[in-house]
Each structure stands twice: as structure tokens, then as C-alpha cells.
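In: need a 3D model of the sequence below.
(4 chains, ligands or ions: 6)
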Amino acid sequence: MKKLINAPEDVLVESLKGVALAHPELSVDLETSVITRATPKEQGKVAVVSGGGSGHEPLHGGFVGPGMLDAAVAGEVFTSPTPDRVQAATKAVDRGAGVLHIVKNYTGDVLNFEMAAELASMEGIEVGTVVVDDDVAVQDSLYTAGRRGVGLTVLLEKLVGAAAEEGQDLAAVVELAKRINGQGRSMGMALTSCTVPAAGKPTFDLPDDQMEIGIGIHGEPGRHREPLAPASEIARQLVEPILADFDFAGPAIVMVNGMGATPQIELYLMYAEVAALLEKAGVQIARNLVGNYITSLDMAGCSVTVLKVDDELLRLWDAPVNTPGLRWGA
Amino acid sequence: MKKLINAPEDVLVESLKGVALAHPELSVDLETSVITRATPKEQGKVAVVSGGGSGHEPLHGGFVGPGMLDAAVAGEVFTSPTPDRVQAATKAVDRGAGVLHIVKNYTGDVLNFEMAAELASMEGIEVGTVVVDDDVAVQDSLYTAGRRGVGLTVLLEKLVGAAAEEGQDLAAVVELAKRINGQGRSMGMALTSCTVPAAGKPTFDLPDDQMEIGIGIHGEPGRHREPLAPASEIARQLVEPILADFDFAGPAIVMVNGMGATPQIELYLMYAEVAALLEKAGVQIARNLVGNYITSLDMAGCSVTVLKVDDELLRLWDAPVNTPGLRWGA
Amino acid sequence: MATISTDTLVDWISRFGDAVTEKREWLTELDSAIGDADHGANMARGMAAVKDKLGAGAPATADELLKSVGMTLVSSVGGASGPLYGTFFLRMGMTTGAVPELDAAGLAAALRAGLEGIVARGKAEAGDKTMFDAMAPAVDALDAAIADGADLATATRKAADAAAAGRDATEPLVARKGRASYLGERSAGHLDPGAASTAILFDTLAAAISGSS
Amino acid sequence: MATISTDTLVDWISRFGDAVTEKREWLTELDSAIGDADHGANMARGMAAVKDKLGAGAPATADELLKSVGMTLVSSVGGASGPLYGTFFLRMGMTTGAVPELDAAGLAAALRAGLEGIVARGKAEAGDKTMFDAMAPAVDALDAAIADGADLATATRKAADAAAAGRDATEPLVARKGRASYLGERSAGHLDPGAASTAILFDTLAAAISGSS
Ligand SMILES: Nc1ncnc2c1ncn2[C@@H]1O[C@H](COP(=O)(O)OP(=O)(O)O)[C@@H](O)[C@H]1O
Ligand SMILES: Nc1ncnc2c1ncn2[C@@H]1O[C@H](COP(=O)(O)OP(=O)(O)O)[C@@H](O)[C@H]1O
Ligand SMILES: [Mg+2]
Ligand SMILES: [Mg+2]
Ligand SMILES: [Mg+2]
Ligand SMILES: [Mg+2]
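Out: Ligands and ions are numbered 1, 2, ... in the order given. Now for the predicted structure:
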């Protein structure tokens, strides 16, 4: 295992120490692995909390700041944080107007945030929850764990963060979050596995001439494996299932996201392929993100996220945001 | 070779197409591989041009925009652009107040920019040049090619970009650039080699239990190879030669930079190690960058850059910048 | 032995902790194949926290002991297994009452409540390829053995055997719950990691009871 | 053959282009060891551009031909080798005058000027482990052979042999110029890629002259 780390069991806390040192505008609680804004938002505004396993940086800690999250709860690598920590974050950032929990649809995240919401409501904090499930690689079925929450989480955190910042109430923020989740879809692929520090070796073996299509963000193998293909073919395999699942004709925000070990030069190349396919299908790309936003440790590969938008969502998108991972207008 | 690309010879132009599509605020000339601001700065201000081989993204193209570069000239992967292209960029952005060329100290870059400056002056454009040579891994000697230009280039482009934006004249901007180059140092290491698309295989072989110390940004092997070590030891091996080479006591800007395939969680962890060592040595970190800023394709590893600063440099640092790779205050 | 003292319960918990720690790499390997390569680390981390907690002094009654184990797991594991195993022990504790020892019926009722807690949280059904597929047969086997008049040692051994069989039976299944369900057909051909840790849970229960009889 | 026509010069350039293209992987491999793995790609790209350029119609005089080759290399290669080989051909062209053919002395003077152009740009000295170490002995050998009264075919073959020997002699050297100098002692034990392409340059010159004699 080749990583810039000390002992595998110390990766999370030592990395959080770096976050704390690098970002005086954030508060990092090393006991609970909760990252909050050093200066909380005004009383009377909805607070937005997200969290999940670590290893997806900048998600979620890198998205804490004005215009986006109020708190992020970091679990161990790829392991949902525990309810008490989510509850601690919820309590810390509640400004009397309730708290939105943004939860990616994984059994562990759902169960831990559910317990945390129970704990919070026992303390009189109103909690709303959105469960993000945008991954079209996974069949959506009532009889399974359902779709995973992946790339759309980034866009959703930005948009509902802006809504909360401008003072929308909890019901409105929850409804907005669910609307966004309803009209966004993602699909990912991997060129290599990632290596969980505690495991010490790659989660799956992928021969030099093979790739995984339909991967998640935890080094889970994908839906199928096939021979390595050119970027144009990979783009097709990511975009087609997204377009097949939802009618995206019209304006959209599009993200081409790197899984952690894929350099920017490749991501831009993929973006050109993806944009061409989407525009052919009548999607007008109104805004875009190209870069590492929701990663899978040192996995090489990428994912594509498409979110249908209207003027209201674009307005929220363009609102100022000031976080380590996403910043404009501030 | 596992990359998100089509034909290796098309990587640069296809990636630039993606940059053009993703960033309407930039103009990308696919013929010359020159990236400029879509809206040029006002007449009468110094323009700042940088460039070099591709594969270091976001450097340089990702640093074009208000507050930083006016143009970036992209060569083939790891190959300095040709003089005619540098000249084309220079001519395109000159606003009558002269143009600063920021050149990283590699024979190829120096020679091509030198010829470009000759061509530009033949056309009556005043060109000033700074050659960045901050890499302490390389012995500084009059009898060699001298030190390489690496991480400091990022900080220098930001700072002189701000000075040019506020209207300082060419002589002042050149002097500032040289001053910055005089008081900044870098050192890098690799956990893995990178793979140049046209070569199709890793530039060097690095066994699973070895690392390279003192690498450049082109997949050049480092000064020596040694057994893989914990992050704390790696930090020591990067920071000590920097401190040995220049007296950094006092305020500084520090960058912990990823080489392309190293995830953010590891870079923050490294930052904590680096910051602790620097503070022990009396360096006060006034500002920092932690992330992928000057990369080496898909190399895993990191570099550390330290720049001694004063109030004037901090003022320039804090000035608004609006580029794909670095953005604040705008 | 007709009853189980809290000491025996503590011995069970401690054997379970030792066993998942010893087998953490195997559990993580199972989770690498169809999950995210952390089940071993999760269980080892949780049971280490439990060990610390109980080391500072174990409660004298079964309910306090089991609830403390459950709370510790909930607040130290995370992931899917944290709330699930945590709920399992919490529900056991809510069922036993403040007694210093459990008889066979009391143990069976507590384990059944624990199982129901897992179902309440995770909504798993038989054949979904989860820990349920090892736990449900184990609890059923325990009930059946007790109804047949078996002693605790025999009954818990039968439960352990049923858990192991249930674990093995997860191999051909296509997962319908948890992270493995994302793999669809590709999840077949691998043991479920949670079922594997549940088999260890019942094996160490039987061992603790026969060891102390 | 006592003179070299522009056709022979075109043949040289074309043979050089074919040879670096054929050997691009080897050149890149040499550059992987002590550089940045692009010398083969650089030379192949540059000479492909030259081929395109000359394919559209080669100039009738030596000076125009060589300057055109030089300009094309300068504007298509980049890196260190682009300005260096570009300057080499530009300086040759500035030396020959507008003649339709070169005699031995004219060729020798042009090559000497090309070498000096490379030194003016790159400041390399003997033993720095660069293309200079293949080119300088080649130009010296050519001069010596011509002074000895050798014919052009013999003289250029001697130059090619000297270039090959110069290339081989770069192997033990520690680089003091170019990218390889960053490696310090680790640069020893490898051929210099630019010296290798320069040996090809002189080998194809000899081949073009003997081939057309
Ligand atoms: N809905 C569920 N009901 C019961 N058990 C489940 C459910 N979802 C997952 N599990 C169990 O949890 C195990 C995985 O635990 P673990 O790896 O620790 O958590 P995570 O999946 O969050 O990484 C699975 O092997 C399965 O037995
Ligand atoms: N200062 C110099 N003078 C002469 N030749 C040089 C000099 N620097 C480099 N070279 C030659 O250039 C070759 C490398 O060319 P190339 O790989 O194409 O460019 P780059 O080093 O920019 O990648 C070296 O092998 C060496 O022969
Ligand atoms: Mg997990
Ligand atoms: Mg090069
Ligand atoms: Mg798991
Ligand atoms: Mg080279």
C-alpha cells in the first residue's frame, strides 16, 4: 500500500488535524470528527448537516462554509459516522430553525442518521432528512437497498446550502432537497480499485486491460467489468443510462467528477466527450463542474452527474459560496 | 496504460476542448494551444504569460483569469511549447504595457521562451522574463542547467498576477517576480511514476516498497530512492532541505501540493506534518494551499513549497483572483 | 447449567470481541468481495470499545450489561453493522429486565427481541443475504431445542450450528439488502460478511456457556 | 560525388525523418531513463511536420531548404531539442548561401555553423552529456577527412562513425546540461537521447550521400 500516511488507524484524525490547520475559518472537533464553520450562521436560519464515511474528500468537510454546509460529520474511511456524532453536529449548528440532514442512500448512513434524528428530536431539535439516491448504475427497487447516493450530493449540498443561507424555512429546504434529488442522476466507472488504509490492499483486482462500469464511491465493484475502452466509449456508457432514466432535455448542471487518482487533463477530456453527447440529446449545459468533488480514496476513474435545472436552481447555484472545495462570489 | 483518453496523440487538443466547453470565461485557441481570458484586461496594464509542457494541470491554463495570468501556452505533454506559440500568446494579450514571461527553469522552456521573446521584441512588444528555479532537490550550480522550476510557480503566478492587475509597470512586476523567486523553495517526492500517454508505460519503475525523493514534475526520477516511510518521515525529508537552503523564520505562504493521483485526505495529513515541522523552525504559516496545483499526470506523491512573505506579498495574495484553479474574492 | 450469570454474558461478549478481532482480516476480505472492505475493522473497533467500557466495570444486571454493550456499539462502529448489532444488544437488554441471571427462556426471549430489533431497523427478510440469514435460523434453533427440553449448552450449540449453516447458505444468494445489493448478480458466490460475524456471535455464545458449565 | 544537390539534402532530411520515426520508441526509452520520456515523440513530431512542409514543395536552394527545415522544427517540436535542432538547421541555412548544391567545404562549413548555433543556444560543452557530444566529434571528423582529401561519401561516413562513438561515450558521463543534469550521479550509465538522435542525423547524412553517389 503506497500512501502518504502514518498508522492506518490514525489516518482520519491526522487528516482532520491538517484540515484544522489549513482552514482557520473552520472548527474541527477531533473527538467527534465534526467540522463546523468557525463563525456560525445567524440565529433563525435552517442549518444543513451532511456526513458519511471518509475517503470522499472534499465531500463533505470541504463543503462546510457560508453558502453550503453548516457541519460535516466524518466517519471512519468508508464507514458512516455513529448517531451520537451526527447528533452532536446537529445540536452544535441548530440555530433554532431546524436542521436538514443530507444522507447518501447507504444502509449504514441511513440507519445512523435515522438514530441521530431520533436523538435530536428527543432534545427538541426539528430535523428534516433528504436521502440522496442518484446512482443509475443500481436498479431502483423497493425490494433492495435502492440506489446509492453519489455525485448529486455535491450539487444538492450547494443548492440547499444557498436556500438555507437566504433564510428559507425547513419545510421549504426539505422540499427543495427532494426536488433536486428527483431530477438528478449519476453514473461512475473505475480504471483501478482503491485501497482502504486499514485493509492495506486494493478492494478489488482489476487487470490492466479491464475497467469497472457502474461503481459506487466505496470501492464497491461495479455492475460489470469489460475491456478498457477509449474515453468516447466510456462517456457513452456513462451518459446513456443517465439519459435513459430521466428526461434531461433543457437546461442542466453537469459534473464530471474524478474518483481521486485521475488527473485534471483526463477529466477535461472526458468533459468534452460528455458535453457532446448531452448536447446531442438536447441537454443545455448551463453550469458545470470538472474536478475531484466526491472521490473514492485513490481510485482512478470518473463519474458523470446531470441535474435538470430551472432559473430558480441556477439562481441558488450562482449564490456566493465560500468553502475549501467550492468557492465563488466570496 | 489506464487513462481516460482516446488516441494518445490527441490528448492535449481533446483536453483543451473540454477546458473551452467548461469555461466560457476563457478563450481557447486549439491551433496554438493558447488559453486567454475571454475578456482581456484594460489597455495600459502589464500582461502575464506563462506556459510549458502539459500534464501539470491546473498549471498553467487553470490559472488564467482576472488577478492571475492573461495567457497560458500549453505544449505537448511535458514538452515546452514552441516559440511561435508563445509569441502568439504574447501578442494576443499585450495591452501596450509590456508582457511578463513566467518560465520554469528547464532547458526546453528557457530556450523556447527566449526565442519567443526575441520574436516579440522584433514586433515591438516589451517582454520581461522571470525564470523560476525553486527546487532544492537539484544542486544549484553555474555548471549545470541549474535548479528546476516547480511549485513556487503557482504562488508566483498568483502574486505577480495581482500586481499586474493593480497596474504596476513591467519593471516593477519583473522585480517582484524575481524577489519572489529568490525567497521561495520547493521539494517533491513520488510514490509512483507517471505514465506519459505517448510512451504508454510508466517513466520509471518503482517497487511497491520504495519511494523517490527529490523528483521533478515531469516524471524525472528523483535524486535518490529509498524504502517507503511514514508521512512524518517523508515530511521531514521534504522540509529539512528547504529549511537548510534558506532562512524562512517569520511569516510564509506554504503549499502542500499533490502530484496528481494522491487524494486530498493524504494531502491534509501531510500538511499537518509539514506545518508542525515548519512551526518548530520558527516559520509562521500566514496562508496555505493544500491540493493539486502543479501535477505530474497520474503520479502519486506530493511536494512542499515555502515562500517567505511580508505584508505587501500578503496583500497581493489576498487580492481577488478568479480562475478555474484558484478563486477567491470574486 | 440452567441459568446464565452476567459473568457468563460478559465472557460471551469478551469471546466475541476476541474472535472478531482475530478474524478481522477474513471479515474484511469477505466485505472486499461484495462490500467496502471494512466489516472486520468495524467489528474489531466496536468490540474494542466494548472491552474498554466493560473493563472499567461491568454492570451487575443483564439488562444494564446488554444495553451498555449496545450503546457502545452504536456509538463506536458506524456503518450498517453498528446500528444493527447495537440495536440487537439494546433490544436484548430491554427484554431481560434487571436480573442478575437469565434462564433458558429468558435468553431465548432476549435473542428473539434482538433479532426483531435488527429487522425493525434494517427491514431484512430471509434470503436477502444479510446477518439476518444467520441469526434467524439460530434463534429458531434455540427455541426449538429449548422446547425439546435441551439444556442451555446443547441448545446454544445447536443455535451456533444453525448460524453457521445460515452463513454458508448466504453464499449462492443474490443480495437484496445492504451494500452488496448494488452488485446485483455479481454478489452471488460470496459469503455475506455480516452473516459471518453473526455465526461467530452464536459460536462464542455456545462456547461461553459450555466453558462455564 | 563532389557536390551535394538539394535533392540529396532532401533525401537526407527524409531519411532522418524516417529513422527517428522508426526509432522513436528507443529514443523515448533513453529519455525515460534520464529525462521525461518524450524525445522520440518530439523528434518524430518535428520531422513529420518537416515532411509535410517539404512535401508541399522543396525550395530549390540549399539555404532556403535548410532554413525551412529549421523553422519547421522550431515551430513544431518544443522542448529542448526543438530550438536546438531548429537552430542547427537555421544556422546551416544561413551559411550555405543561395546555392543549388554544396561542395565538401560548403557542407563542412554549414555543419560547423549548425554546431556553433547549438552551442550559442544551449551553452553545452564537451562531456556535458548532450547532443553536442555526438555532434562535435562528427563535425571534427568531417573536417579532418576533407583535409585528408577524402571524398564526400567517405568523409560523411567517418563523421557518422564519430557521432556514433560520441553517442556511446555519453553513457558513463554525469549530465551537466538539460533535464538529465537533475539526476546528478544517477544520470551515469545511460546513453544521452539527444546524442542518440544526433548519431542518427549523421548516419542518415552518410547514407543519403552514398545512396545517391
Ligand atoms: N438492511 C440490513 N439488514 C440486516 N443486515 C444488514 C442490512 N444491511 C447490511 N446488513 C449487514 O451488514 C453487513 C455489512 O456491515 P459493515 O460492512 O460493517 O457495514 P457497511 O456495509 O456500512 O460497510 C452486511 O454483510 C450485512 O450482513
Ligand atoms: N543545453 C543543451 N545543449 C545541448 N543539448 C542539450 C541541452 N539540453 C538538452 N540537450 C539535449 O536535448 C536532449 C533532450 O531533448 P528532448 O527530450 O526532446 O527535450 P526535453 O529535455 O525538453 O524533454 C538531451 O538528451 C540533450 O542531448
Ligand atoms: Mg462501510
Ligand atoms: Mg520534454
Ligand atoms: Mg462494509
Ligand atoms: Mg525529453
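
In: alpha carbons only for contacts and neighbour counts from here, please
Out: OK.

In: packing partners for the helix or strand of chain A with the lowest mean pLDDT?
Out: The weakest-scoring helix or strand in chain A, judged by mean pLDDT, DSSP states H and E, is strand A:224-227 (a mean of 93). Here strand A:224-227 touches strand A:210-213, going by 3 or more Cα pairs under 8 Å, 6 or more residues apart in numbering or on different chains; DSSP states H and E.

In: what residues does residue C:78 make contact with?
Out: A:75, A:79, A:80, A:81, A:82, A:83, A:108, A:112, C:42 (Cα atoms under 8 Å, 6 or more residues apart in numbering or on different chains).

In: is the second one in a helix, a strand, or coil?
Out: Just to be clear, that refers to residue A:79. When classified by DSSP: H, G, I helix; E, B strand; the rest coil, residue A:79 comes out as coil.

In: confidence score at residue A:205?
Out: Per-residue pLDDT puts residue A:205 at 89.

In: restrict the contacts of residue C:78 to contacts with ligand 3.
Out: residue A:79 (Cα under 5 Å from the ion).

In: of the contacts of residue C:78, the lowest pLDDT goes to which?
Out: Of all the contacts of residue C:78, residue A:79 carries the smallest pLDDT score, 91.

In: any stretches of chain C with poor pLDDT?
Out: Within chain C, the ranges that satisfy pLDDT under 70 run C:1, C:212-213.

In: in it, what residue comes closest to chain D?
Out: In chain C, the residue that lies nearest chain D is residue C:32 (36.2 Å; Cα to the nearest Cα).

In: quick one on the thing from earlier: JSON lines please, covering the contacts of residue C:78 and showing neighbour count and distance to residue A:23.
Out: JSON lines is the format used below for the contacts of residue C:78 (neighbours: other Cα atoms under 10 Å in any protein chain shown; distance: Cα to Cα, whole Å):
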{"residue": "A:75", "neighbour count": "26", "distance to residue A:23": "20"}
{"residue": "A:79", "neighbour count": "27", "distance to residue A:23": "24"}
{"residue": "A:80", "neighbour count": "31", "distance to residue A:23": "24"}
{"residue": "A:81", "neighbour count": "31", "distance to residue A:23": "22"}
{"residue": "A:82", "neighbour count": "32", "distance to residue A:23": "25"}
{"residue": "A:83", "neighbour count": "27", "distance to residue A:23": "26"}
{"residue": "A:108", "neighbour count": "28", "distance to residue A:23": "29"}
{"residue": "A:112", "neighbour count": "31", "distance to residue A:23": "28"}
{"residue": "C:42", "neighbour count": "26", "distance to residue A:23": "30"}
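
In: and the contacts of residue C:78, which is closest to ligand 1?
Out: For the contacts of residue C:78, the residue nearest ligand 1 by Cα to the nearest ligand atom is residue A:108; the value is 4.2 Å.

In: which element is the closest one on?
Out: helix A:107-122 (DSSP states H and E).

In: what are the contacting residues of that helix?
Out: Applying Cα under 8 Å, 6+ apart, the contact partners of helix A:107-122 are A:52, A:79-87, A:90-91, A:101, A:103-104, A:126-127, A:131, A:145, C:78-83, C:121-122, C:177-179.

In: now with 7 Å?
Out: Residues outside helix A:107-122 that contact it (Cα atoms under 7 Å, 6 or more residues apart in numbering or on different chains): A:52, A:80-84, A:86-87, A:103, A:127, A:145, C:78-80, C:83, C:178.

In: restrict the residues you listed to contacts with ligand 6.
Out: Counting by Cα under 5 Å from the ion, no member of the contacts of helix A:107-122 is near ligand 6.

In: the residue nearest to residue A:61 when sequence neighbours are not counted and residue D:52, how far apart?
Out: Nearest residue to residue A:61 in three dimensions, chain neighbours excluded: residue A:72, at 5.2 Å (Cα to Cα, 6 or more residues apart in numbering or on different chains). From residue A:72 over to residue D:52 the distance is 58 Å, taken as Cα to Cα, to the nearest Å.

In: neighbour count winner among the two?
Out: In terms of neighbours (other Cα atoms under 10 Å in any protein chain shown), residue A:72 is the more surrounded of residue A:72 and residue D:52; the figures are 28 against 12.

In: which parts of the stretch 201-330 of chain A are strands?
Out: Counting by DSSP state E, counting those that start in this stretch, residue ranges of the strands within the stretch 201-330 of chain A are A:210-213, A:224-227, A:250-258, A:283-291, A:301-308, A:321-322, A:327-328.

In: check whether the first one contacts chain C.
Out: If I follow you right, that is strand A:210-213. No: applying Cα under 7 Å from any Cα of the partner chain, one finds strand A:210-213 out of contact with chain C, separated by at least 11.1 Å.

In: wait, what's in contact with the residue of chain C found nearest ligand 3?
Out: Ligand 3 sits closest to residue C:79 of chain C, with a gap of 4.9 Å, by Cα to the ion. Applying Cα under 7 Å, 6+ apart to residue C:79 gives the contacts A:79, A:80, A:81, A:108, A:109.

In: and the second one, what does it touch?
Out: Contact criterion Cα under 7 Å, 6+ apart gives A:52, A:53, A:108, A:109, C:78, C:79 as the residues in contact with residue A:80.

In: get me the contact residues on chain A for ligand 3.
Out: Residues of chain A lying close to ligand 3 (Cα under 5 Å from the ion) are A:78, A:79.

In: what residue ranges in chain A score low on pLDDT?
Out: Scanning chain A for pLDDT under 70 picks out A:142-143.

In: helices of that one, start to end?
Out: A:11-22, A:83-93, A:107-122, A:152-165, A:170-182, A:231-245, A:264-280, A:311-318 (DSSP state H).

In: how far away from the center of its chain is stretch A:207-219?
Out: 19 Å (Cα atoms, centre = their mean, to the nearest Å).

In: can you check stretch C:32-48 too?
Out: With Cα atoms, centre = their mean as the basis, stretch C:32-48 stands 14 Å off its chain's centre.

In: and the residue of the stretch 151-300 of chain A nearest ligand 6?
Out: residue A:265 (19.6 Å).

In: near residue 144, how many other residues are there?
Out: Let's take chain A. 21.

In: right idea, wrong chain: chain C
Out: Using other Cα under 10 Å, residue C:144 has 15 neighbouring residues.

In: still on that earlier bit, how about the residue nearest to residue A:61, what does it touch?
Out: Residue A:72 neighbours (Cα under 7 Å, 6+ apart): A:34, A:35, A:36, A:49, A:50, A:51, A:60, A:61, A:64.

In: what pairs with the last one across the strands?
Out: The partner list for residue A:64 in beta bridges (DSSP bridges) reads residue A:69.

In: isn't it up against residue A:36?
Out: Yes: the pair residue A:64 / residue A:36 is scored as a contact, 6.5 Å apart, by Cα atoms under 7 Å.

In: mutual contacts of those two, please.
Out: Common neighbours of residue A:64 and residue A:36, counting by Cα under 7 Å, 6+ apart, are A:70, A:71, A:72.

In: I'd like the distance between the closest residue to the second one other than its chain neighbours and chain B.
Out: With sequence-adjacent residues excluded and distances taken as Cα to Cα, 6+ apart, residue A:71 is closest to residue A:36, at 4.4 Å. Taking Cα to the nearest Cα, to the nearest Å as the criterion, residue A:36 is separated from chain B by 17 Å.

In: wait, residue A:36 sits on residue A:27?
Out: Yes: contact status for residue A:36 versus residue A:27: in contact at 5.1 Å, counting by Cα under 7 Å.

In: of those two, give the one with the bigger neighbour count.
Out: Counted by other Cα under 10 Å, residue A:36 and residue A:27 do not tie: residue A:36 has more neighbours, with 25 against 19.

In: buried ones in stretch A:30-49?
Out: A:32-37, A:40-41, A:45-49 (16 or more other Cα atoms under 10 Å in any protein chain shown).
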